[in-house]
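[1] Please work out how this folds:
(one chain, ligands or ions: 1)
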Amino acid sequence: MKTINDQIPASGTLPDNYQEVLSWKLTGKPMRLIAMNILGVFLFVIFGFIFSWLAFRLGDLPSEGEIKLGPSEIGLVLAGVILTLVLHELTHGLAMQMFGAKPKYGILWQGMLYATSPGYAYRRNNYVVIALAPFVFLSILFVLGMWLLQGALWVALLGICGIFNAAGAIGDMWITTIVLRYPATAYVMDERDGMRVFSLAPPARAGVPKPRKTHQQADGVQNCDPMTNPTN
Ligand SMILES: [Zn+2]
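    The predicted structure follows:
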């Protein structure tokens, strides 16, 4: 018996009239990884300026006098940066949980930490929230901390953590710009180092059966851009 629940897919499941239109990985092409690292350095410089400015202006970091940089200070910075990277992934995971998924955490061989939810389909806009949550939420948290700890040397550490979090979000920003090229009705599945986008399949015309995928299309990894795949 058909119930109303048959029409509303459970959260995380893909409606059956959707098809994969993109499978994208950061590590998919060597050039992509190189470009991402260059852009990451570029962001590091930009956010370096922004967070330094905030540390002196908002955090009242003393610009006069010496800042001692011994082993304990270096250790503290290292611990702060590692904690920031962990918090970054936890924030992705919490956002995934907010949209009903059960996130998994791990580390890739390149030393890249990740939070992911295999096979879970998010609405496009929800996925944008998941991608940008650490950049937005943790940046606000670090700036708030600088303001609360005005005049203390902790402001410098918060600034450094803010720079690493923002520059480290380069992959998230890149993915966001790609996902936003698809309509808001699209669904996105997260992969450890990329994502898959699903779009509404072209509607079957009256009397004409819905075209079936060929075996080759179904088995091969097919990236069809909607721009080159007209719906009429
Ligand atoms: Zn991220």
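[2] Strands of the chain, residue ranges please.
    18-25, 104-107, 113-116, 121-123, 187-191, 194-200 (DSSP state E).
[3] List the neighbouring strands of the fifth one plus their orientation.
    Using DSSP bridges, the neighbouring strands of strand 187-191 in the sheet come out as strand 121-123 (antiparallel), strand 194-200 (antiparallel).
[4] Leu108: which of those is closest?
    strand 194-200 (11.6 Å; Cβ to Cβ). To be clear about C-beta, it is placed using only N, CA and C from the backbone, and glycine gets the same treatment.
[5] Give me the residues contacting the closest one.
    Contact with strand 194-200 is made by 14, 17-28, 121, 124, 127, 175, 178-179, 182-183, 185-189, 226, as judged by Cβ atoms under 8 Å, 6 or more residues apart in numbering.
[6] Apply 7 Å and report the result again.
    Residues external to strand 194-200 that are found in contact with it (Cβ atoms under 7 Å, 6 or more residues apart in numbering): 14, 17-26, 28, 121, 175, 179, 182, 185-189, 226.
[7] ok, the closest residue to Ile170 other than its chain neighbours - how many residues close by?
    Residue nearest to Ile170 in three dimensions, not counting chain neighbours: Gly40, with 4.4 Å by Cβ to Cβ, 6 or more residues apart in numbering. Look at Gly40: counted by other Cβ atoms under 10 Å, it has 15 neighbours.
[8] Quick check: Gly40 touching Ala169?
    No - counting by Cβ atoms under 7 Å, Gly40 does not reach Ala169; the two are 9.2 Å apart.
[9] before we move on, back to that, which one of the strands of the chain lies nearest to Ala35?
    Using Cβ to Cβ, the nearest of those to Ala35 is strand 18-25, at 13.5 Å.
[10] could you say what helices and strands that closest one packs with?
    Packing contacts for strand 18-25, counted by 3 or more Cβ pairs under 7 Å, 6 or more residues apart in numbering; DSSP states H and E, involve strand 194-200.
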